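# Sequence first, then the predicted structure:
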Amino acid sequence: MNYFIKYPKLSQFVILLILFSLLCILINPSENNFLWRFPSLIAGLPHLINDSVSYLMYDFMPIDVYDPEIEEYEERPLIKEFTRTLSGVILFCIVFIREILIGGVKTIVFFTGWDFIREHKWLYWPALPWTVVAIGTIILGYSLRGKGLALLAGCATMYIAIFGQWEPAMETLSFVLIAAPVSFALGLFFGVLGYKNKTVETLLNPLLNVAQTMPHFSYLVPAMVFFGVGDHAGALATIIFATPPMVRLTMLGLKNVPSEVVDAGKMSGCSEFQLLYKVLIPTARRDILIGVNQVIMQCLAMAVIASFIGAKGLGFNLLLALNQLRIGQALELGVCIVLIAVVLDKLSLAWADKQTDYFADKSFIERNKYKLVFLAVLLFGFLLAYLGTFIFKEGFNYFYIIPHNKGITTENFWQAGVDWIWDTFFFTLKAFNEFLIIKILMPMKHAYLSMPVVATFLLVMGVGYIIGGVKSSLIVGGFILFIALTEWWDRALITAYMTTFGVLVSAIIGIIVGSLCAQYKISSKFILLVCDTFQTFPSFIYLIPVIMLFGVTDTSVLIAVIVYATIPATRYTVEGLRGVPQSLQDAGSMSGVNRLQRYIRIELPLAFPHIMLGINQTVVFALFMVIIGAMIGTDDLGQYILKALSDKKGIGNGLTLGLCVAFIGLAVDHLIRTWSIKRKSALGIL
Amino acid sequence: MKKLISILFAGLMVLSLPSKVFSADSSEPIVIPTHNWSSQVVMAYVIGGIFESMGNNVEYVPADTQAVYEAIRNGDVTISHEVWQSTFGKSFYEAMAKGGIIDAGTHAAPTLEEVGVPQWVIDKDLCPGLPDYKALLNCQDVFATPDSGGKGRILEGPQSWHGQEYPDRVEALLGDGWVVKFAGSADALWAELAAAKKEGRGTITFNWTPNFTDAEGFVFIKWPAYSPGCRKQDGGDSKCGSPIGWLKKAANYKFPKTHPAAYMAFSQMSFNAGQIGSMASLVDIDKLSHEDAAKKWLADNEDVWKPFTQAGM
């Protein structure tokens, strides 16, 4: 009994659990009992969204537009004309970059029309030979950072070329080269706006919260309705997805600028604009650069998903390869995506790190030596490509563009690897799979579904109260009330069950692996690199081997979830443990703790709030992956989101379901964040 | 300099205008959608190749199988060359009712979209009496999976394909001993087939013909015959199988006006099951890339597709 008085929170929690169990036992499970399931009062919301969107897109303010193709006037609604014009602009930009890289006629067509091209067959914008792009990237890497980056860029471009993925890779690149800078600019703009104006910040915060927890699939339907299908729609969906972290990190960075720096800027007579661009942004560079890194990672993470609504390139080819169960080929494509992400990330960081040397007095040649070298490479490349036309007779000029899928391939090797895993482990895995499903997953799913809705509320709001008082309790209650009033409460419970299981396993693995790797500097660096790789590596690739081994079951979905959700748990554990101040460690050593004691008594408690933030991210990652798991076959919210994707009236359903997922994430996020802040201030490390 | 360029382009535009009078088909590109299964992608490139041989410009865009009809209606995509009756028929007719999309004729290939078992399930006689559906009543355990709770499991395609049709039918004809599980994508179906083959266990999955699985053999379950109105959503009792269906072509309503010759050829185009199968097998069996498979198919089958183009002359 003393124990409970000593720890009041614990006793509160025990009382909560007892009440929760009582409710579970007492409430009669019947559809008419509103204590068991709330009536779906906002089931009409999706229809409302559909109707307003279709009114906006098809009936609102029609204007007469002349269509020269069929020589008739057509009525077109204003909003649609506007969004399609925006699509046109974005598409033009993508195509323009794409044609610089791999050639084409569309940029010329944009200025002259298709008829002109038909009359003048010779008109064709030539591609940059791949040798020029590859060496150009190497020169860029060298000029920005030196030999290391040049080597990385060289290896990446050579890999893409040799494996015959040049064309799709350049298609993906052209799309990222538009999406990433636009996301960056938008993020910076809104971040600065939020920093300058308190009202904007309060408006932006909930929007950002929702945007960062909405599953990727939910963005696709609105993007398709408003902007059509094609590269532009994919790019726009990517921009919506990649901008929020940038906004958030910009605000964070600017807020942390010391007031002394701002004062110094003001004293030197900076104008508003100068203060922002010469003082604030350079000082907040560290956070803004993390934002750039996030933008690039998110853009490439969307490469596959954007191909659902028409983005060409590596993502679409990857889906095709998977459809034929060609895992080796999909793997090579996935590596290309990761390589593009890594190179772009390193190049942009190096570019941002480059300091202008104001005092150098250099000659023209010295100042422009890299440009001159590139010019030479350009000439040389075209000459080589021209020579190539004489050497290669079978129609492919390997010095110009390596044709798609005509490079070398290691497909057979990977296929053999998959077969070997199958032959060696299949029957062990099968037994494990059956055990897991029958003994753990099915009972767990059943338990979640047999919770009366009132009991769920009591549990969630009770935990909210224990952690953060009445306010927290009301906030999380509000989030799940929205879900309870839709018609998808049962589906949300299934999502919650899979997420819980995924998070538990990921957190345990992540904390253990993270703790082990954090012991040495070199292993920490290595594991962070592994985390980066897996974050951009398209998860679709391991969905297929996993289905083959574990069938279309929840196990397959959960394995995919765990692979993905372990990343943040590991990353934050490593960062948290490495961030424990050296002085505290020394103090511990002086008091005579051994290695294990130091870990348990000093490092872990101090790093724990930071690790909890990692768990927070783990929850969001797990939710995303559970939703993507719908591609395997689930019966949760994800299944309906996937269905909304191919439904003409899907926009209402898609958005409402997306909100349900976001609200699960936000409720957990709120609880963990509140707890972590309290804990940090108690430990005095805030 | 900027001024010079704009004058130059204005000049070019004026020059390019008169050509319109002479050419029958507009030179705007015809947008062909590509979905995520081989025969469709190869056929997209085959049809694109035919249009190109007639001097048209062609563009390919990856698109979702259901959303594509809305895209055609809006004019973002020009045609769709594989409209499967039971899977896409509803989306197609709904889009047609809204206006903007037209029926451009039917392929010769009869289609069947139905659940069934791979040939070796029959050969090994895992469930005696198949393909008749009544045989299933006695062999739930052959098709049981860990998560089906001892019941037989039928793996359906994604829920967006047929909604409640299979759960209704299974409940009406097979009763409690069976469950229907929705796979998330066609890939999941192929992975399940490949895994079941390696393991040598029985599996019932949704599939269709013509498809690449025809090469290895796939046997469809024989349900009571289909009659209009027999399904629950149409007011029936769902005690019926799928009909032998059509494979249609769809086009944007402006297509006949903008590209009369190409439209004429497109409406004439008709591939039979063997031709569609051969397109798919070039990719799935011979491992050619989709573009190469289309080029090879066009080169090998000139006598098949040349007549389509002459129809428009």
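Arrived safely, thanks for sending. Because the structure is a prediction, the values reported are computed rather than measured.
# So B:T106 is in contact with B:S270, correct?
Yes. B:T106 is within contact range of B:S270, at 7.2 Å (criterion: C-beta atoms under 8 Å). To be clear about C-beta, it is placed using only N, CA and C from the backbone, and glycine gets the same treatment.
# Show me what stretch A:508-523 is in contact with.
Here stretch A:508-523 makes contact (C-beta atoms under 8 Å, 6 or more residues apart in numbering or on different chains) with A:524, A:526-527, A:562, A:566-574, A:577-578, A:599, A:604, A:611, A:614, A:618.
# List only those of the residues you listed flagged as buried.
Buried by 16 or more other C-beta atoms under 10 Å in any protein chain shown: A:524, A:527, A:562, A:566-574, A:577-578, A:599, A:604, A:611, A:614, A:618, out of the contacts of stretch A:508-523.
# Within reach of chain B, which of those residues are there?
Among the buried ones among the contacts of stretch A:508-523, no residue lies close to chain B (C-beta under 8 Å from any C-beta of the partner chain).
# Buried ones in whichever strand or helix holds A:L177, by neighbour count?
Assigned by DSSP states H and E, A:L177 belongs to helix A:166-196. Residues A:166-184, A:186-188, A:190-195 are the ones in helix A:166-196 that count as buried (16+ other C-beta under 10 Å).
# Same question for stretch A:475-489.
A:475-477, A:479-481, A:483-489.
# possible to save these as a markdown table with secondary structure and distance to chain B?
Converted to a markdown table, those look like this (DSSP: H, G, I helix; E, B strand; the rest coil; distance: C-beta to the nearest C-beta, whole Å):
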| residue | secondary structure | distance to chain B |
| --- | --- | --- |
| A:I475 | helix | 33 |
| A:V476 | helix | 30 |
| A:G477 | helix | 31 |
| A:F479 | helix | 27 |
| A:I480 | helix | 25 |
| A:L481 | helix | 27 |
| A:I483 | helix | 20 |
| A:A484 | helix | 23 |
| A:L485 | helix | 23 |
| A:T486 | coil | 18 |
| A:E487 | coil | 15 |
| A:W488 | coil | 14 |
| A:W489 | helix | 18 |
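# From the residues you listed, pick the one nearest B:P224.
A:E487 (33.3 Å; C-beta to C-beta).
# Correct me if wrong: that closest one contacts A:P39.
No. Using C-beta under 8 Å, A:E487 is not in contact with A:P39, being 9.5 Å away.
# so after the helix or strand hosting A:S524, what's the next helix or strand?
Using DSSP H and E, the element containing A:S524 is helix A:521-536. With elements assigned by DSSP H and E, the helix or strand that comes after helix A:521-536 is helix A:540-550.
# Let me see the mean pLDDT of that following helix.
What helix A:540-550 shows for mean pLDDT is 83.
# do stretch A:19-29 as well
85.
# Only alpha carbons, please: show that stretch as CSV.
Only the C-alpha atoms of stretch A:19-29 are listed here, as CSV (Å, rounded to 0.1, in the frame of the first residue of the first chain):
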residue,chain,number,x,y,z
LEU,A,19,-12.6,0.9,-14.2
PHE,A,20,-11.7,0.1,-17.8
SER,A,21,-12.0,-3.6,-17.3
LEU,A,22,-15.3,-3.2,-15.5
LEU,A,23,-16.8,-1.2,-18.4
CYS,A,24,-15.5,-3.9,-20.8
ILE,A,25,-17.3,-6.6,-18.9
LEU,A,26,-20.5,-4.8,-18.1
ILE,A,27,-21.4,-3.2,-21.4
ASN,A,28,-23.6,-5.3,-23.6
PRO,A,29,-22.1,-5.6,-27.2
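# Pull out the buried positions in that stretch.
Within stretch A:19-29, the residues scored as buried using 16+ other C-beta under 10 Å are A:F20, A:L23, A:C24, A:I27.
# Just these: which are in helices?
A:F20, A:L23, A:C24 (DSSP state H).
# mind listing what the last one touches?
Read it as A:C24. By C-beta under 8 Å, 6+ apart, the contact set of A:C24 is A:S450, A:M451, A:P452, A:A455.
# So how do I select the buried members of those in PyMOL?
Buried subset of the contacts of A:C24, written as a PyMOL selection, criterion 16+ other C-beta under 10 Å:
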select buried, chain A and resi 451+452+455
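# If we only consider the contacts of A:C24, which is nearest to B:G235?
A:S450 (34.9 Å).
# can you give me phi and psi for that closest one?
phi -90, psi 20 (degrees, to the nearest 10).
# which secondary structure element contains B:M279?
helix B:273-284.
# And the following helix or strand past that helix, what does it pack against?
Sequence order places helix B:290-300 as the next helix or strand after helix B:273-284, per DSSP H and E. Using 3 or more C-beta pairs under 8 Å, 6 or more residues apart in numbering or on different chains; DSSP states H and E, the elements in contact with helix B:290-300 are helix B:38-53, helix B:273-284.
# and residue 98, what does it touch?
I'll assume chain A. A:R98 makes contacts with A:G104, A:M170, A:E171, A:S174, A:F175, as judged by C-beta under 8 Å, 6+ apart.
# hm, I was asking about chain B
Counting by C-beta under 8 Å, 6+ apart, B:K98 touches B:R73.
# And A:N368, by the same measure?
Here A:N368 is in contact with no residue (C-beta under 8 Å, 6+ apart).
# Report pLDDT for it.
79.
# B:S19 too?
The model's pLDDT for B:S19 equals 39.
# re earlier: next, the buried residues of the helix holding A:S524.
A:S524, A:I527, A:L528, A:C531, A:D532, A:F534, A:Q535, A:T536.
# What is the most widely separated pair among those?
Farthest pair in those, by C-beta to C-beta: A:S524 and A:T536, 19.8 Å.
# so how far is A:A496 from the residue lying closest to A:N33 once chain neighbours are set aside?
Distances taken as C-beta to C-beta, 6 or more residues apart in numbering or on different chains place A:I27 nearest to A:N33, at 6.9 Å, with adjacent residues excluded. Distance, A:I27 to A:A496, by C-beta to C-beta, to the nearest Å: 18 Å.
# and if you look at A:A622?
11 Å.
# more crowded one of these two?
The neighbour comparison of A:A622 against A:A496 (other C-beta atoms under 10 Å in any protein chain shown) goes to A:A622, with 31 against 21.
# which residues does the more buried one contact?
A:A622 neighbours (C-beta under 8 Å, 6+ apart): A:T499, A:G502, A:V503, A:S506, A:V561, A:Y564, A:A565.
# Residue nearest the middle of chain A, spatially speaking?
A:Q298 (3.8 Å; C-alpha atoms, centre = their mean).
# Tell me the helix or strand right after whichever helix or strand that residue is part of.
Under the criterion of DSSP H and E, A:Q298 resides in helix A:285-305. Following helix A:285-305 in sequence order, the next helix or strand is helix A:314-323 (DSSP H and E).
# Tell me which residues are up against that following helix.
A:165, A:168-169, A:171-172, A:303-307, A:327, A:329-330, A:333-334, A:336-337, A:538, A:540-541, A:543-544, B:34, B:36-38, B:41, B:62, B:186-187, B:190, B:290.
# what helices or strands is the very next helix or strand once past it leaning on?
Scanning forward in sequence from helix A:314-323 by DSSP H and E, the next helix or strand is helix A:327-353. Helix A:327-353 is packed against helix A:130-144, helix A:147-162, helix A:166-196, helix A:285-305, helix A:314-323, helix A:411-435, helix A:521-536, helix A:540-550, with contacts defined by 3+ C-beta pairs under 8 Å, 6+ apart.
# Would you convert the ones you listed into CSV that also reports distance to A:G629?
Converted to CSV, the helices and strands packed on helix A:327-353 look like this (distance: least, C-beta to C-beta, whole Å):
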stretch, distance to A:G629
helix A:130-144, 36
helix A:147-162, 30
helix A:166-196, 24
helix A:285-305, 14
helix A:314-323, 15
helix A:411-435, 16
helix A:521-536, 17
helix A:540-550, 8
